[in-house]
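> What shape does this take:
(chains A and B)
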2 protein chains.
Amino acid sequence: MEGMDRSMVSLTSFDAANNGSYVVSVDKGVDFANYFCTYGFLYHQKEMLSDRIRMDAYYNAIFQNKHHFTGKAVLDVGTGSGILAIWSAQAGARKVYAVEATKMADHAKALVQANNVEDIVEVIEGSMEEVDLPEKVDVIISEWMGYFLLRESMFDSVICARDRWLKSSGVMYPSHARMWVAPVRSGLGDQKMNDFESAMRDWYSFVNETETNYGVNMNVLTKAYHEEHEKYYLKTSLWSNLHPNQIVGTPAVIKEIDCLSATVDEIRSVASKFSLPITIDRTRISAFAGWFDVHFRGSMQEPAKTVVELSTEPDEDNPTHWGQQVFLVHHPLRVNRGDEVIVSFSMSRSKENHRLMDVDCAYELHLSSGKRLEPVAMKFFIE
Amino acid sequence: MEGMDRSMVSLTSFDAANNGSYVVSVDKGVDFANYFCTYGFLYHQKEMLSDRIRMDAYYNAIFQNKHHFTGKAVLDVGTGSGILAIWSAQAGARKVYAVEATKMADHAKALVQANNVEDIVEVIEGSMEEVDLPEKVDVIISEWMGYFLLRESMFDSVICARDRWLKSSGVMYPSHARMWVAPVRSGLGDQKMNDFESAMRDWYSFVNETETNYGVNMNVLTKAYHEEHEKYYLKTSLWSNLHPNQIVGTPAVIKEIDCLSATVDEIRSVASKFSLPITIDRTRISAFAGWFDVHFRGSMQEPAKTVVELSTEPDEDNPTHWGQQVFLVHHPLRVNRGDEVIVSFSMSRSKENHRLMDVDCAYELHLSSGKRLEPVAMKFFIE
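Take a look at the predicted model:
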């Protein structure tokens, strides 16, 4: 992260493309109120610790690749309860630095002690952008993935940690990440449309009654009320654990990240044009679904002995707490096997809150007959 | 508000009792993220505008007391959609200043224009602590009441407005406010206790499984998990619209506020010792319920012609969006007509967030036989 001003005490992000770095500083208090505070609750930590797919992936990645840990120095970015740090110690690490921004660090300290690894694991309360370590590390491990991978923008902190503290021979856990999109059918679209129409009907009654009973005409607010509710019901991505049967076409990778080399600039926005071939006959596209996977491959110099994958794709037996993000198409598309949807997808950080995302998505249906339908452009919000 | 430093740009509160004023400054960005932001949504405004009891009270208070408004200057503190400002103009005000801290001010401007009162109503976006008006006003009107009256601490801003902008002959709308407490019976207590016990059973399973499957013993966190969930399920006041039949004793006024003279210091904490005589035979106290009422009495110099009351007491036909706040007693008390509960109640602002409250509540049951049971002390949180 060239040119990073390490004296900044706020979270920062850079735009190297803009002729050198500029700093967008995020107020720590606001970031806490908006984001960090939920991670201070044991309830929230337990939810993540109870996700067996997540736990198994990290557990297996570590214990089936002890050569990365034994005798090594490890940094756990955003240690939360301390679980990854404790496993790293149990896998033979010489030293583990476990950094946590919230008061959860106190619980991590207790957990480290209760599990007899306090000689190895040092819990440090603070933000990754600020803390100082006494040495560089061999491994950076972190569970930083948000919904559809990049929501929460936590990877920025991992990049910061890597650029400050990872040895040139070091390894990232996970090493790679991918974002996927697929066309899906779902009843959610109809449900949300009904909710939206119901909210508008209710609004019109309200406008009538307010004029009748209170002599104030609220109709001038109808457009804004409509926009607010359309955004809430139809344009905000939904969380769902979809069934694989809901996927009606071949999923596409829309972003690949090498955790060893990725820059904040590369992940600040995701832009991709891709094709989704339809594989189910006589069906509908109700939405586009987004999910991610990560892999623990080690590095070129020090590859994993056993490569572990953590996928959040629709899976009947292996749902995760991430689910998938569902972007509703407002007029479900009738499609058949052999058709194709060409999608131009562009995701960037919300100006109001860099941890949330704005999405521009244009899609064009190409029928198997050769006919092409008019492209449709849509906006979505990942909140 | 003696000694107020008007150059502060943050919300401030004072402790005159501490040998002159000290300033506790609240960061505006944090306050927005924690509090103000919800008021920027039309959804939220509509909820309040759809509360017929609330709307009727303010509407009647204004239009049945036009002498307070006709030809006068009015200040609406926290105008939201602008409704009170528009009514004030319709009741004949010469000029209305409608101050709103959020972007809802834009909608208020549109509403004022659409209702043809733009020559009278001036919408000003900003905080009451910062804006400057060209003149002092005859009336300050505001709907500032939160759950159990003081949650949200918005009255601080009304006091600030009054001390800066109300003429010595001016009138407050509402003029008076009271906080009430009553003993109630409710199924909520059992429900929350079940939820809590279920959460703890789930935790113990989780601790077992995590040790078995992942080699990490989480038991050291049990105490903290228990505390976090006990607070969440049992110690955080609940919102409910109770039925009058649930009240098992005579409600008591625990706080009275004269809006013309109250200081922030007087409302910063509420301390009261009061008696709740039980009026229902062979029943239980499951909780204490808190609510408020306000009155529009005008001033001594210029009384209302028609006094209007807005009450949020349990009422089958007239529920409000405020409901009541329910403070669960963890061991329901068996009581009979003629018994009495002596309560020592103390509510103060949370250190982490001045808009939320901490409550200390000690109660002692005096049986009609003369026997007195051991006092029980409890802590609650209004979140």
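
> contacts, neighbours, all on C-alpha from now
Will do.

> just the strands in the stretch 1-150 of chain A please.
The residue ranges that make up the strands of the stretch 1-150 of chain A, judged by DSSP state E, counting those that start in this stretch, are A:11-13, A:24-26, A:73-77, A:95-100, A:121-125, A:137-141.

> winner for burial among those?
When neighbours are counted by mean count of other CA atoms under 10 Å in any protein chain shown, the highest per-stretch mean among the strands of the stretch 1-150 of chain A falls to strand A:73-77, a mean of 28.

> Run the angle between it and strand A:121-125 for me.
Orientation note: strand A:73-77 sits at an angle of 30 degrees relative to strand A:121-125 (axes from the mean of the first three to the mean of the last three CA atoms, to 10 degrees).

> what does strand A:73-77 contact?
Under the contact criterion CA atoms under 8 Å, 6 or more residues apart in numbering or on different chains, strand A:73-77 has outside partners A:84-85, A:88, A:93-100, A:128, A:136-143, A:157-158, A:161.

> 7 Å instead, please
With contact meaning CA atoms under 7 Å, 6 or more residues apart in numbering or on different chains, strand A:73-77 is reached by A:84-85, A:93-99, A:137-142, A:158.

> distance of residue A:210 from residue B:81?
Residue A:210 sits 13 Å away from residue B:81 when distances are taken as CA to CA, to the nearest Å.

> Kindly report the same for residue A:219.
Using CA to CA, which is the criterion applied here, residue A:219 is 12 Å from residue B:81.

> how about the strands of the stretch 1-150 of chain A in TSV, adding mean pLDDT?
Shown next, in TSV, are the strands of the stretch 1-150 of chain A (pLDDT from 0 to 100):
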stretch	mean pLDDT
strand A:11-13	35
strand A:24-26	57
strand A:73-77	98
strand A:95-100	98
strand A:121-125	98
strand A:137-141	98
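
> Which one of those strands lies nearest to residue A:202?
Nearest to residue A:202 among the strands of the stretch 1-150 of chain A is strand A:24-26 (38.7 Å), distances taken as CA to CA.

> Low-confidence ranges, chain A, go.
Low-confidence segments of chain A (pLDDT under 70): A:1-26.

> Map the structural domains onto the sequence of chain A.
The record's domain split for chain A, according to automatic domain parsing, is A:6-174, A:178-185+A:238-382.

> quick check, the shortest one touching chain B?
Just to be clear, that refers to domain A:178-185+A:238-382. No. For a cut-off given as CA under 7 Å from any CA of the partner chain, domain A:178-185+A:238-382 has no contacts with chain B; the smallest distance is 10.4 Å.

> can you tell me the distance between the two ends of that domain?
Criterion CA to CA; first-to-last residue distance in domain A:178-185+A:238-382 is 18 Å.

> do stretch A:168-177 as well
For stretch A:168-177, the first-to-last residue distance is 20 Å (CA to CA).

> which residues are in contact with it?
Taking CA under 7 Å, 6+ apart as the criterion, the residues outside stretch A:168-177 that touch it are A:138-142, A:256-260, A:293-299.

> from those residues, which ones fall inside helices?
Counting by DSSP state H, the contacts of stretch A:168-177 place none of their members in helices.

> Just the buried residues out of these, in ChimeraX syntax.
Per 16 or more other CA atoms under 10 Å in any protein chain shown, the buried members of the contacts of stretch A:168-177 correspond to this ChimeraX selection:
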select /A:138,139,140,141,142,256,257,259,260,293,294,295,296,297,298,299
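
> Which of the contacts of stretch A:168-177 fall in strands?
In strands, judged by DSSP state E, the following of these are found: A:138-141, A:256-258, A:293-298.

> Generate a markdown table for these, with distance to residue A:350 as supplementary columns.
As requested, those are exported to a markdown table (distance: CA to CA, whole Å):
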| residue | distance to residue A:350 |
| --- | --- |
| A:138 | 34 |
| A:139 | 32 |
| A:140 | 28 |
| A:141 | 27 |
| A:256 | 21 |
| A:257 | 21 |
| A:258 | 24 |
| A:293 | 23 |
| A:294 | 24 |
| A:295 | 28 |
| A:296 | 30 |
| A:297 | 32 |
| A:298 | 33 |
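
> Pull the contacting residues for the residue nearest to residue A:103 when sequence neighbours are not counted.
The spatial neighbour of residue A:103 that comes closest, neighbours along the chain excluded (CA to CA, 6 or more residues apart in numbering or on different chains), is residue A:40 at 5.8 Å. The neighbours of residue A:40, taking CA under 7 Å, 6+ apart as the test, are A:102, A:103, A:104.

> same deal with residue A:225?
With contact set as CA under 7 Å, 6+ apart, residue A:225 has these partners: residue B:42.

> and the gap between it and residue A:74?
51 Å.

> Check residue A:149 too.
Separation of residue A:149 from residue A:74 (CA to CA): 23 Å.
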